[in-house]
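Peer 1: Give me coordinates for this.
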Amino acid sequence: MANLKILNEENRDGIIYFELDGMLDAHNFEVLEALFENHFERGFYRFVVDIRRLMYVSSAGAGVFIGAVGSCQENDGNVVLVQPSQEVKEILELLGVYQIFPVVQTRALAVDLFTKKAV
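Peer 2: Modelled structure (predicted):
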């Protein structure tokens, strides 16, 4: 089983922050999917996902992001990706999903997108 660590925080503006470290693939994507679902059930639809330490994402892992962004956008939210590595960016581009997400270089810029209603 591939190793994936997820830091999960909520800020005072109701924005959920995930920091992913490791590999997101068919062996562990359900962990991230369950985290998104848990927050959806509690009415949270604005997510900042820091993926700078994510070394690999499979199509199953990308599917989690695609499903989440759909639910978020239906509820006036979004998923903002922070600082993807070149490898992960290339994988997401090959899967044809990179352009679906706002991508920024810092957590602060991601939060600004939500607080300035730009997403």
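Peer 1: What helix or strand is residue 62 located in?
Peer 2: Using DSSP states H and E, residue 62 falls within helix 59-74.
Peer 1: Mind checking the pLDDT average for the next helix or strand after that helix?
Peer 2: As assigned by DSSP H and E, the chain's next helix or strand after helix 59-74 is strand 78-82. Averaged over strand 78-82, pLDDT sits at 97.
Peer 1: so what does strand 78-82 touch, helix or strand wise?
Peer 2: When contacts are defined as 3 or more CB pairs under 8 Å, 6 or more residues apart in numbering; DSSP states H and E, strand 78-82 packs onto strand 46-57, helix 59-74, strand 103-104, helix 107-115. (Glycine included, C-beta is placed from N, CA and C.)
Peer 1: Tell me which of those sits nearest to residue 8.
Peer 2: strand 46-57 (10.3 Å; CB to CB).
Peer 1: Could you find the closest non-adjacent residue to residue 52?
Peer 2: residue 83 (4.0 Å; CB to CB, 6 or more residues apart in numbering).
Peer 1: would you turn the helices and strands packed on strand 78-82 into TSV with distance to residue 6?
Peer 2: Shown next, in TSV, are these (distance: least, CB to CB, whole Å):
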stretch	distance to residue 6
strand 46-57	10
helix 59-74	11
strand 103-104	19
helix 107-115	15
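Peer 1: of all those, which lies closest to residue 37?
Peer 2: helix 59-74 (8.8 Å).
Peer 1: pLDDT at the most centrally placed residue in the chain, what is it?
Peer 2: Centroid-nearest residue in the chain: residue 49, 3.8 Å away (criterion: CA atoms, centre = their mean). For residue 49, the pLDDT comes out at 97.
Peer 1: In space, what's closest to it - neighbours in sequence excluded?
Peer 2: residue 18 (4.7 Å).
Peer 1: so that neighbour touches residue 47, yeah?
Peer 2: Yes: the pair residue 18 and residue 47 qualifies as a contact (CB atoms under 8 Å) at a distance of 6.6 Å.
Peer 1: Cheers, nothing more for now.
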